[in-house]
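S.K.: 3D, please:
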Amino acid sequence: MAHIDGGKTTLTESLLHLSGLLPRGPGSVDEGTTQTDFLPAERERGITIQSASVPLVWKDTRINLIDTPGHVDFAVEVERAVRVLDGGVVVLDGVEGVEAQTEGIWRQAKRYNLSPLLLFVNKLDRPGASFARSLQSTLQKLHPAPLALQLPVPHPSGDGISGLIDLVDLTYLTFPFPSAAPPEVSAMPPEWVPEAHKARTALVETLSSLDEVLVEEFFALEGENPHIDLSADTLRASLRRLTHEGRVLPVLCGSALKGVGVAPLLDAVVDYLPNPTEIAPAVGQNGEIVPMTDEGCVALAFKVVWDARKGWMTWVRVYSGTLSRTTTLHNTSTGVRERISKLMLMSGERSVEVPALPAGHIGVLLGLKDTRTGDTLLSASDPRRNPPAPLKLKNITIPPPVFSVAIEPESLADEKPVALALRSLLRTDPSLVLTEPNDAAAAGGEGQTLLSGLGELHLEISFRRLLEEFNVRARMGRMRVGYRESVEEGDGAQVVEMFERELAGTRVQAGVTVAVRRLREDEVGDPELGGNIVHIDTGDIPPPAPPPPAAKRGGGAAKPARPAAPPPESPLREPILSGLLSTMSRGPLSTYPLHSLHITASNPVVISPELSPPAAIAAGSAAALGKAVKAAGSRVLEPIMDVRIRVGEASLGRVVSELTSVRNGMVLSLGTDEDQPTSVQDAASNGTAAKIYIPRDLTSAKSSFTDGLDVPEQKRTVHAHVPLSQMVDYASKLRALSGGAGTFDMAVHGFGEVSPERERAVLEELGRSR
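M.R.: Numbers count the residues shown, from 1 in each chain. Here you go, the predicted model:
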């Protein structure tokens, strides 16, 4: 996992080469010959677009390796990979340090309690790279206890690094690149012994402050220098314990392109990251515990892909039991039975058929017709599949779409194939949203089908997949910003609605009271409800108790007892929610989805089951919410982006001025890369003070490492919040302002109210008005 261009795919190729899967040598991103980037668009652009799984074996340990994208437009690929991982390797560009998407994937890992992580500082062979600054930025932005396990040794010629000092074994490692032979181990260069001993002492001190077991072994040593005398095996055991708990972040370094540090990284994966038996068991949405030792098969579908030769391919992680080809599955998310035609292990785009997948494994199922990303699969005979509370594992969080494009068939004969292909595309990518022609017309789309996604590149790639993978003929319209609708700040409004209408020859009646207000600053909307909070009080049963918190990874064994099933829901809840959702998908003012609302539906009025059918209840709820939003005062919201721009000092003034005066941006901070780290930083980890070692900067202007080289200009980082509508053409503008040297990243920060002038323009574009 890494920011774009951090070197993930190059590192993956080196890992596969060392493990024996690529005996001819690692592939090249520039040449389009890598194992995991096999899509045509990936090879053309030199970036990872979809996650790819490759199993490998290292020191008799099987490792399921997943290479993920670094571009923010494909964040959902990281989401669904992180959801099923037991540990991860975060890759840093040694020149850039912690970047915007590095922080993004770090937050994604924490969202799913993925605490056992390693850090690999890559590209230390490049001019301007700094292991010290990378550690410093990690300490400031990611983790309170990044622990250096290696020191890079610069090459005497100034060309890259010659090897690594291993602080655990206190040895010197050199790497016979491009051979797949193991690193050569020798004694440390004499001039490096003092610095290595200083780093080893700091490492032992930090671990001792966090690990009582290590303290006992440390004080049992006799000798003048126990920090150096402590055995490597004792240190590894302590690092493993603390890494599983997420209390320390082991940091390794090297150059994936030159093969430096790759073998020790594989060793660290085996030594420090947990295997499936060492993590807390999976937990259902209602708090059910799913021990790995359960005989019943429980699996999570985390990715679905269409292949022209194999058909629908469903990636699953098996959490308990054994999944075999003869297993009949029940999808508790859809209530549908599924049959497997084949079980496979994937290695990039290559596949190997297997008879079964035991618990803890990741594999691919062929033949599933209705399963989507995030669905839970159980054995069809498992009693936990039954209502009222079938077992469902925690789902995958899908980021909200912010851009839309119109998709038009080339001809009348292409309409049906395009519609079918779009639905298939949505099954493969849950971050895409489709607006049908009727709804699009209401939203100003002139009857076109609108496809919404996470960014311009995301939609461009998705449209290309539509043409190439599904072989349809269509055109793509211009990019549009995905606005939202909310209500004015304040107390909101409440509406009592009584729905009366002739339906199938019978006069039906149903009523409900709906109150709506804007979310307060301390309230967070539910992503599955469009960023809103919905409370439904039917008055006949108490609301179900919230589920217990999910067990923390590496936090010890969970209690095996399963909680009692929650009470059955009121039959009125489903039609009320259905009606609210229909209005939430299209606001009354702009027809954009409703967002940032607290919605309460209560006091349902039902005459009888015959005179108040579910359709009447849903229609009444929909009408009540629409009227309540109008009464509270509709407002149009626009996506606000969290933007980080990296430019040289000379371009800083022009960039900031243009950002604030032209694009209505709000600058939050102006960071600098010139903050030099000290040798030791104080940090807190779970309440325990730790001494974090930061080595001297080997890439400073006075270092022999950079003598005679053109060191890149020090960069400044502009952190700002900017409306998305003002960022559509920013890439070309930034190139002009910075002489081609500036880069930027952005992610959705939230939604904010547009100005009255901008709101009028948006409504006019939609053919609507207040």
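S.K.: so which elements touch the strand or helix carrying Glu13?
M.R.: If you go by DSSP states H and E, Glu13 is part of helix 8-18. Judged by 3 or more CB pairs under 8 Å, 6 or more residues apart in numbering; DSSP states H and E, the packing partners of helix 8-18 are strand 52-58, strand 61-67, strand 88-93, strand 117-122, helix 262-272. C-betas here are computed from N, CA, C, even on glycine.
S.K.: redo these as TSV? Include distance to Arg768 and mean neighbour count.
M.R.: Below are the helices and strands packed on helix 8-18 laid out as TSV (distance: least, CB to CB, whole Å; neighbours: other CB atoms under 10 Å):
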stretch	distance to Arg768	mean neighbour count
strand 52-58	44	19
strand 61-67	45	19
strand 88-93	46	24
strand 117-122	48	26
helix 262-272	55	21
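S.K.: for Asp522, find the nearest of these.
M.R.: strand 117-122 (29.5 Å; CB to CB).
S.K.: that closest one to strand 88-93, inter-axis angle?
M.R.: 20 degrees (axes from the mean of the first three to the mean of the last three CA atoms, to 10 degrees).
S.K.: and the next helix or strand past strand 117-122?
M.R.: Criterion used, DSSP H and E; the element after strand 117-122 is helix 131-141.
S.K.: name the helices or strands packed onto that following helix?
M.R.: For helix 131-141, the packing partners by 3+ CB pairs under 8 Å, 6+ apart come out as strand 117-122, strand 146-148, strand 249-253, strand 680-685.
S.K.: how about a cut-off of 6 Å?
M.R.: Identification of packing neighbours for helix 131-141 by 3 or more CB pairs under 6 Å, 6 or more residues apart in numbering; DSSP states H and E yields strand 146-148.
S.K.: and the helices in the stretch 301-450 of the chain, which stretches?
M.R.: For the stretch 301-450 of the chain, the helices defined by DSSP state H, counting those that start in this stretch occupy 415-428, 437-442.
S.K.: same question for the first one, mean pLDDT?
M.R.: Think helix 415-428. What helix 415-428 shows for mean pLDDT is 91.
S.K.: return the alpha-carbon coordinates of that helix using CSV.
M.R.: Listed next in CSV are the C-alpha coordinates belonging to helix 415-428 (Å, rounded to 0.1, in the frame of the first residue of the first chain):
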residue,chain,number,x,y,z
GLU,A,415,-29.3,0.7,-26.0
LYS,A,416,-29.9,-2.7,-24.5
PRO,A,417,-26.3,-4.0,-24.7
VAL,A,418,-25.0,-0.7,-23.1
ALA,A,419,-27.6,-1.0,-20.3
LEU,A,420,-26.6,-4.6,-19.5
ALA,A,421,-22.9,-3.7,-19.7
LEU,A,422,-23.3,-0.8,-17.3
ARG,A,423,-25.0,-3.1,-14.8
SER,A,424,-22.2,-5.6,-15.1
LEU,A,425,-19.6,-2.8,-14.7
LEU,A,426,-21.3,-1.7,-11.5
ARG,A,427,-21.1,-5.2,-10.1
THR,A,428,-17.3,-5.1,-10.6
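S.K.: identify each buried residue in that helix, please.
M.R.: For helix 415-428, the buried set under the neighbour-count rule, 16 or more other CB atoms under 10 Å, comprises 415, 418-419, 421-422, 424-428.
S.K.: got a list of contacts for it?
M.R.: Residues from elsewhere that reach helix 415-428 (CB atoms under 6 Å, 6 or more residues apart in numbering): 304-306, 372, 409, 432, 434, 466, 470, 472, 474.
S.K.: dump those to TSV, plus pLDDT, distance to Glu460 and neighbour count.
M.R.: Listed next are the contacts of helix 415-428 as TSV, based on pLDDT from 0 to 100; distance: CB to CB, whole Å; neighbours: other CB atoms under 10 Å:
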residue	pLDDT	distance to Glu460	neighbour count
Val304	91	21	22
Val305	88	19	17
Trp306	87	19	16
Arg372	92	24	17
Pro409	89	19	17
Leu432	90	13	20
Leu434	86	17	16
Leu466	90	11	21
Phe470	89	16	17
Val472	91	16	21
Ala474	91	13	21
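S.K.: understood, closing this out.
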